[in-house]
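> fold the following for me, if possible:
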Amino acid sequence: MKIDVLTLFPEMFSGVFGSSILKKAAEKKVVQYNVVNFREFADNKHQTVDDYPYGGGAGMVLKPQPIFDAVDSLTKNEENSKPPRVILLCPQGKVLTQKVSEELAKENHLIFVCGRYEGYDERIREHVVTDEISIGDYVLTGGELGAMVVIDSVVRLLPGVLGNEDSPLLDSFSSGLLEHPHYTRPADFRGMRVPDVLLSGNHKHIDEWREKQSLKRTYERRPDLLENYPLTEKHKEWIAEWKKCEKD
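This is a model prediction of the structure:
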C-alpha cells in the first residue's frame with residue numbers, strides 16, 4: 001500500500017511513521033509513506049494556500065489550487081488502473097469505524113488531505129475527494145491527528161504487519177462486539193486470581209467463556225452495538241440472565 005499525506009506540517013508525522021507498528025510495516029515494505037507539504041504547490045511567490053471566504057465570515061479558507069495540483073502530482077504516474085482513495089479529514093465526514101478501516105485496508109493507494117484554518121474550498125470536496133472521514137464529534141485544529149488515527153487503524157490490518165495474523169480478527173469491533181478480558185502471569189497477583197476456566201486447559205470452555213465475556217462487556221458498555229448484531233439463542237439466554245440479575 002502507498003500512503004500519501006498532504007499537510008502544512010509534515011514534521012508532525014516523523015515520529016508517528018518512525019515508531020512502533022507503522023515503522024515496522026514500512027521496514028517490511030508492506031506500506032510506503034510519503035508526506036507532502038502542499039504549500040510547495042502554491043502558485044504565488046509567497047506560497048499562500050488560504051484566502052478570505054467569499055460572502056464574508058470569520059477565518060480563512062484553503063484555496064483549491066494547491067490541493068488540486070498536489071493530488072495531480074501524486075496520481076499522474078499512477079500505474080494501477082484503480083484510482084486512489086482521496087480522504088479528507090473533516091468533522092462533517094462519516095465517523096471512523098472498524099468496518100471503514102477494513103474497507104480502506106483493501107486499497108493500494110490512499111491520499112490523506114489534512115486541512116487547517118476555517119475550512120476547505122468546496123470544490124476540493126466535490127472534485128478531488130472520494131471520502132470524508134471524522135474521528136469523532138469534536139473539532140481539532142487540523143486534520144493531521146485525524147489522519148494519524150485513520151492510518152494507524154488501517155496499516156495494522158495489512159497482511160504481515162502484526163506478528164499474529166489472527167490479532168486483527170480478535171480486536172474489539174472486528175466481530176461486532178467488544179473484546180473479552182485478558183490475563184497473564186502470575187495466576188494470583190495480590191490475591192486477585194485469574195478466572196479458573198482460563199487455567200483449565202479446556203479450550204471449548206475457554207472459548208465459550210470468552211464469547212460470553214465479550215457479549216457481556218458489550219451489553220454493559222456499548223449496548224448500541226447489539227442493535228444490529230445477529231444474536232444467537234444462547235446469546236439471548238445470557239442477556240436474559242443478566243437482565244434478571246439487574247432486577248434482583
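> contacts for the longest helix along the chain?
Identified as the longest helix of the chain according to DSSP state H is helix 203-221. With contact meaning C-beta atoms under 8 Å, 6 or more residues apart in numbering, helix 203-221 is reached by 175, 177-181, 195, 197-198, 200, 225-226, 229, 235, 238-239, 242. The C-beta positions use only the backbone N, C-alpha and C, and glycine is treated the same way.
> is residue 37 in a bridge, and if so with what?
Counting by DSSP bridges, residue 37 forms beta bridges with residue 7.
> dump the longest helix of the chain to PDB, keeping only the CA atoms.
Taking C-alpha atoms only, helix 203-221 is exported to PDB below (Å, rounded to 0.1, in the frame of the first residue of the first chain):
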ATOM      1  CA  HIS A 203     -10.400 -24.800  25.100                       C
ATOM      2  CA  LYS A 204     -14.000 -25.400  24.500                       C
ATOM      3  CA  HIS A 205     -14.900 -23.900  27.900                       C
ATOM      4  CA  ILE A 206     -12.400 -21.100  27.400                       C
ATOM      5  CA  ASP A 207     -13.800 -20.200  24.000                       C
ATOM      6  CA  GLU A 208     -17.300 -20.100  25.500                       C
ATOM      7  CA  TRP A 209     -16.200 -18.000  28.500                       C
ATOM      8  CA  ARG A 210     -14.500 -15.500  26.100                       C
ATOM      9  CA  GLU A 211     -17.600 -15.300  23.900                       C
ATOM     10  CA  LYS A 212     -19.800 -14.700  27.000                       C
ATOM     11  CA  GLN A 213     -17.500 -12.100  28.400                       C
ATOM     12  CA  SER A 214     -17.300 -10.300  25.100                       C
ATOM     13  CA  LEU A 215     -21.000 -10.200  24.800                       C
ATOM     14  CA  LYS A 216     -21.400  -9.100  28.500                       C
ATOM     15  CA  ARG A 217     -18.900  -6.300  28.100                       C
ATOM     16  CA  THR A 218     -20.700  -5.100  25.000                       C
ATOM     17  CA  TYR A 219     -24.100  -5.400  26.700                       C
ATOM     18  CA  GLU A 220     -22.800  -3.300  29.700                       C
ATOM     19  CA  ARG A 221     -20.700  -0.700  27.900                       C
END
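> just how off-centre is stretch 133-147 within its chain?
Taking C-alpha atoms, centre = their mean, to the nearest Å, one finds stretch 133-147 lying 11 Å from the centre of the chain it belongs to.
> returning to that earlier point: now list the buried members of the contacts of helix 203-221.
177, 178, 179, 180, 198, 226, 235, 238, 239 (16 or more other C-beta atoms under 10 Å).
> grab the nearest non-local neighbour of residue 136.
Leaving out its chain neighbours, the residue that sits closest to residue 136 by C-beta to C-beta, 6 or more residues apart in numbering is residue 95, at 6.9 Å.
> and for stretch 59-67, what's in contact with it?
Counting by C-beta under 8 Å, 6+ apart, 6, 38-39, 41-43, 48-53, 113, 115-121, 123-124, 128 sit against stretch 59-67.
> top strand in the chain by residue count?
strand 85-95 (DSSP state E).
> against residue 162, how distant is the residue nearest to residue 136?
24 Å (C-beta to C-beta, to the nearest Å).
> so which of these two has more stuff around it?
Legend: neighbour count by other C-beta atoms under 10 Å for residue 95 and residue 162, higher for residue 162 (17 against 11).
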